[in-house]
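Enquirer: how does the following fold in three dimensions:
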Amino acid sequence: SPPPNPAGTRAAAPQGPPVYVDLAYLPGSWSARTVDEEFFRRVRSLCYVVSGDDHLKEGVLRPLLDALLSGKHQWGIDIQVTLIPTFDSLVMHEWYQETHDRQQELGITVLGSNSTVAMQDETFPACKVEF
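Expert: Model prediction:
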C-alpha cells in the first residue's frame, strides 16, 4: 500500500468527467482553502453560493473568486453561471469591480440582492433562485 500523505498535503484527485449540478454551496471558514481552480473545473454549477461571513473567509475569498474565473475558463462550453454571495464584503466588491469584464466574457453574473424578507419579528436580506 502507498505511504500515507504527510500532514497538510492532498492526494491528487483521480481524473474523471466534470460533474454538472444546479446549485453548489462553497465551503466556509478553513474549508474554503480547498476550493481551487481544479474544483471549479470539475464541479460545474449553474449557481455557486458563497456563504460564511467571517474573518477566515475574507482571507481566502479573493483566491476562491479568482479560481472561479480560471476554472470556468476551461469549461469550453457556454453555460451561464450565477454567483450568490450571502454576505457583504469589501473583498467581493473589489473583485467584482476589477474583474467585471472577465466575468462578462465568461458568462458569470454576481447576484446582488436588495430584497428583504420579513418573518415573525425578523427582517433579513434574501434572494430567489429559480431553475
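Enquirer: low-confidence ranges in this structure?
Expert: Applying pLDDT under 70 to the chain flags the ranges 1-14, 29, 52-57, 113-114.
Enquirer: pull the longest helix from it.
Expert: For the chain, the helix that runs over the most residues, judged by DSSP state H, is helix 55-73.
Enquirer: tell me what angle the helix or strand that comes right after it forms with helix 55-73.
Expert: Per DSSP states H and E, helix 55-73 leads on to strand 81-85 as the next helix or strand towards the C-terminus. Using axes from the mean of the first three to the mean of the last three C-alpha atoms, to 10 degrees, the inter-axis angle of strand 81-85 relative to helix 55-73 is 180 degrees.
Enquirer: coming back round to it: buried sites along the longest helix of the chain?
Expert: Buried residues in helix 55-73, defined by neighbour count with 16 or more other C-beta atoms under 10 Å: 57, 58, 60, 61, 64, 65, 66, 67, 68, 69, 71, 72. Yep, even glycine has a C-beta here, placed from its N, CA and C like the rest.
Enquirer: same list (the residues you listed) but as JSON lines, adding distance to residue 49.
Expert: Shown next, in JSON lines, are the buried residues of helix 55-73 (distance: C-beta to C-beta, whole Å):
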{"residue": "57", "distance to residue 49": "13"}
{"residue": "58", "distance to residue 49": "17"}
{"residue": "60", "distance to residue 49": "16"}
{"residue": "61", "distance to residue 49": "13"}
{"residue": "64", "distance to residue 49": "12"}
{"residue": "65", "distance to residue 49": "13"}
{"residue": "66", "distance to residue 49": "18"}
{"residue": "67", "distance to residue 49": "15"}
{"residue": "68", "distance to residue 49": "12"}
{"residue": "69", "distance to residue 49": "17"}
{"residue": "71", "distance to residue 49": "16"}
{"residue": "72", "distance to residue 49": "16"}
